[in-house]
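Q: Sequence isn't available, so here's the structure alone:
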């Protein structure tokens, strides 16, 4: 008859130690995976916010200077509305970086008449967010609407450069837009945006 023999104290301690080492390794892998997933989620959210805001901004800037009766500038220049001409202005709020505000006008209701402040638009950097112009406010005035939420996205840079260039003997105005946005809780998670917008109606 065989004598039954259990684990010795040393064997039991070795087994428990190996189990603890394995559990610590699994916890570390799980923690790293959660951290990676969290960063991926925040980057994805930043990408979506940036894309949505910049698409709106770029689409609006493309309209700068538009008026429904633009053909009159060629066919009947004396009777053409010129109130939308040369309305594009680059400036800044006094507390923000230079060239971080862009103002422009366009014929939003396509009636060929400049209807005042309701057809004055613009974007600026203010308090780490991109804001949209309301009521014809100047770059240094209050009354702008926030487009980004500082809780979700921190706008570190927004810059506009207005220039002119010749293309096939035609002068065109161009706005270069550069922006850098980051996650408020981790500035290392950021996204840069650079594009140029040709202003075909701004003269």
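A: That came through fine. From a predicted model like this one, the values you see are computed outputs, not experimental measurements. Residues are numbered from 1 along each chain as shown.

Q: Confidence-wise, which helix or strand of this protein is lowest on average?
A: Ranking every helix and strand in the chain by mean pLDDT, DSSP states H and E puts helix 72-75 at the bottom, with a mean of 69.

Q: Please, where are all the helices along this protein?
A: Using DSSP state H, the helices of the chain run over 9-61, 72-75.

Q: Centre-most residue in the protein?
A: What sits nearest the mean C-alpha location of the chain, by Cα atoms, centre = their mean, is residue 50, with 3.9 Å.

Q: which residues does that one contact?
A: 153, 179, 181, 191, 193 (Cβ atoms under 8 Å, 6 or more residues apart in numbering). To be clear about C-beta, it is placed using only N, CA and C from the backbone, and glycine gets the same treatment.

Q: please redo it, this time with the cut-off set to 10 Å
A: Contact analysis of residue 50 by Cβ atoms under 10 Å, 6 or more residues apart in numbering lists 130, 148, 153, 155, 179-182, 190-193.

Q: pLDDT at it, what is it?
A: pLDDT for residue 50: 88.

Q: now swap in residue 6 and tell me
A: pLDDT at residue 6 comes out at 61.

Q: going forward, begin numbering at 206 instead of 1
A: New numbering, starting at 206: the last item is residue 211.

Q: Looking at the helices of the chain, which is nearest to residue 304?
A: helix 214-266 (14.0 Å; Cβ to Cβ).

Q: where does this protein dip in pLDDT?
A: Applying pLDDT under 70 to the chain flags residues 206-212, 237-242, 276-279, 281-282, 284-285, 407-408.

Q: So which bits of stretch 252-261 are buried?
A: 254-255, 258-259 (16 or more other Cβ atoms under 10 Å).

Q: and the helices of the chain as TSV, adding distance to residue 343?
A: Below are the helices of the chain laid out as TSV (distance: least, Cβ to Cβ, whole Å):
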stretch	distance to residue 343
helix 214-266	18
helix 277-280	28
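
Q: Of those helices, which is nearest residue 306?
A: Closest among the helices of the chain, using Cβ to Cβ: helix 214-266, at 12.2 Å.

Q: gap between the closest one and the chain center?
A: Relative to its chain's centre, helix 214-266 lies at 25 Å (Cα atoms, centre = their mean, to the nearest Å).

Q: Please name the bridge partners of residue 309.
A: residue 326 (DSSP bridges).

Q: In stretch 293-310, which residues are buried?
A: 293, 295-298, 301, 304-310.

Q: sorry, back to before: please indicate which of the contacts of residue 255 are buried?
A: Counted by 16+ other Cβ under 10 Å, those give 335, 353, 358, 360, 384-387, 395-396, 398 as buried.

Q: Which residue lies closest in space to residue 327, excluding its sequence neighbours?
A: residue 338 (3.5 Å; Cβ to Cβ, 6 or more residues apart in numbering).

Q: In a markdown table, list the buried residues of stretch 252-261 along with distance to residue 272.
A: A markdown table is the format used below for the buried residues of stretch 252-261 (distance: Cβ to Cβ, whole Å):
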| residue | distance to residue 272 |
| --- | --- |
| 254 | 32 |
| 255 | 31 |
| 258 | 26 |
| 259 | 25 |
